[in-house]
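Visitor: coordinates only, sequence not included:
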């Protein structure tokens, strides 16, 4: 078996008496979409922050492409090929769509300390940014300020910025949140095609999207993974049904 | 051409031509006023890099202004007394050459900005303001007690420093030098705002999380901006000292930091010529109202209040509308 692209091993994180992450072990393999689902308060956000490097786990490991990156900064993980999209858009609102995409291309190029020639005049950056926008259907809006975009367009731009990084693994934090059924369908199609380039760890509430996309699903409840399996296995799992349908015995 | 470009061109043209007219009609004081405006504008152009682009609210930029001033004062005072600055294993003489003085002013203020930035950028918001203010005050009290260089009384330089090929004692020539530097650095800051660095710095101000997520370090971007910013304000300090042929601890005072920030807010934060318009309006008010009453700052305060309440983009914003995204 080839090595997983992204892996967590026994991650633990407590906030006081609360164990927000309780021994989470999961892996993301080449070519797959691995969805993480769970009710509110299950610890999904805390898990993502540990994978990205925003918070340090109390115990356990995060591994990227076979390397232990647990002690690495967010920046170093991004440079090593981990691209994330944010649940609440973290775009530069005053900037244009193209400028936001250019930032990704600039990050991927690794050399932001260029002071005189215009960023937009750098062909390789611009091409890379435009290619990503094109793929997300945002090319026509390149000169629009992000602040004037609709919610759905911002979500698309989140994914476009991640695309500019040409990453080894995607980490998507509820990319469908707040999208209408049409928007969510369009994004589902894009993500579907993306897994061939780099696998996606998809944290998502939209069950239709998860069931349509995921190769595997892990269910997170109270900081623990109670089940991992294919869509069919997860649907049939009584524990999962209980966790999602309420605490009835 | 956008309205803002037109406005910028008009403002620079007016500032550049007024002294020429004053020179022809033999009004040297007007030239001095314009020189003062150009130098103060340069100090605020420096702050604009940190505050406008980087979002770093520094209330300690007087420190760099003062370092530039004292770099000039120390070098020139040793030169006029024919005493070396350092005489040990080797000798460091003073100098009356502006290019050398500028180089020292820029290097010293950049170094100070690097050290202060390394500490201050660990914080953000109000704490950043307070730390920069604290460093400014430390420098102020240090200068007051530094008796070797005049202490509270400051240092007088009898003859203005020299620049190769120019007679800097002629007001219009010294103005030309200051105005030329201002235009050069305005051009550089215009390019900077559109460069890859400017793009990343601008994003770091708006969304540091995003910048980290694409693998860039927002703190490092801000540190570089702070150093560039301090260096430009330091250069302005050296020119300001040369204009007055005098340096004193006042250059380090927090009122100076506040005034530099007032130019920026008055003219328009993050707008290319905001600092120029702000500094020019300030110098005009100081001249006109200052002649009428000692308490002219009241009127400045009212104007500032009006700008903050009704024209958020400063005077540039009021005239040219809101900023367009750079493209």
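Guide: Right, received. Where do you want to start? Since this is a predicted model, take the numbers as computed values, not measurements.

Visitor: what is the mean pLDDT for stretch B:142-160?
Guide: For stretch B:142-160, mean pLDDT is 94.

Visitor: same question, stretch A:62-69
Guide: Rounded mean pLDDT across stretch A:62-69 is 95.

Visitor: cool, stretch B:188-206 as well?
Guide: Stretch B:188-206 comes out at a mean pLDDT of 96.

Visitor: gap between that stretch and the chain center?
Guide: Taking CA atoms, centre = their mean, to the nearest Å, the mean C-alpha location of stretch B:188-206 is offset from the chain mean by 19 Å.

Visitor: Could you check how far residue A:133 is from residue A:192?
Guide: Distance of residue A:133 to residue A:192, computed by CB to CB, to the nearest Å: 19 Å. All C-beta spots, glycine's among them, are computed from the backbone N, C-alpha and C.

Visitor: and whichever residue of chain A sits closest to chain B, what element?
Guide: Closest approach between chain A and chain B, counting by CB to the nearest CB: residue A:107, at 2.9 Å. Using DSSP states H and E, residue A:107 sits within helix A:97-109.

Visitor: Just list what that helix packs against, helices and strands only.
Guide: Applying 3 or more CB pairs under 8 Å, 6 or more residues apart in numbering or on different chains; DSSP states H and E, we find helix A:97-109 packed against helix A:123-135, helix A:151-164, helix B:196-206, helix B:208-213.

Visitor: Rounded mean pLDDT for that helix, please.
Guide: 95.

Visitor: now the angle from that helix to helix B:196-206?
Guide: Helix A:97-109 and helix B:196-206 meet at an angle of 110 degrees, taking axes from the mean of the first three to the mean of the last three CA atoms, to 10 degrees as the criterion.

Visitor: Can the lengthiest helix in chain B be said to contact chain A?
Guide: Of all segments of type helix in chain B, defined using DSSP state H, the longest is helix B:218-244. Yes - Helix B:218-244 is in contact with chain A by CB under 8 Å from any CB of the partner chain, via B:221, B:224.

Visitor: ok now the helix or strand that that helix is followed by, how far from the chain's centre?
Guide: Following helix B:218-244 in sequence order, the next helix or strand is strand B:246-247 (DSSP H and E). Chain-centre distance of strand B:246-247: 16 Å, with CA atoms, centre = their mean.

Visitor: what pairs with strand B:246-247, and is each one parallel or antiparallel?
Guide: strand B:155-156 (antiparallel) (DSSP bridges).

Visitor: following the partner strand, which helix or strand comes up?
Guide: Beyond strand B:155-156 toward the C-terminal end (DSSP H and E), the next one is helix B:171-194.

Visitor: Run the contact check for that next one versus chain A.
Guide: Yes - counting by CB under 8 Å from any CB, chain A has neighbours in helix B:171-194: B:188, B:191-192, B:194.

Visitor: just stretch B:198-217 next, same as before
Guide: Yes - using CB under 8 Å from any CB, we find that stretch B:198-217 touches chain A at B:198-200, B:202-203, B:206-207, B:209-217.

Visitor: Any idea what the residue nearest the centre of chain A is bridged to?
Guide: Central residue of chain A (CA atoms, centre = their mean): residue A:172, 1.7 Å from the mean position. Note on residue A:172: beta-bridge partners by DSSP bridges are residue A:85, residue A:202.

Visitor: got it, and residue B:246?
Guide: The partner residues for residue B:246, given DSSP bridges, come to residue B:156.

Visitor: ok, back up a step: so the residue nearest to the centre of chain A is in contact with residue A:203, correct?
Guide: Yes - the criterion here is CB atoms under 8 Å, and residue A:172 meets it with residue A:203 at 6.8 Å.

Visitor: and the nearest residue to residue B:222 once chain neighbours are set aside, backbone torsions?
Guide: Computed as CB to CB, 6 or more residues apart in numbering or on different chains, the closest residue to residue B:222 that is not its neighbour in sequence is residue B:54, at 5.2 Å. Backbone torsions of residue B:54, given as degrees, to the nearest 10, read phi -90, psi -10.
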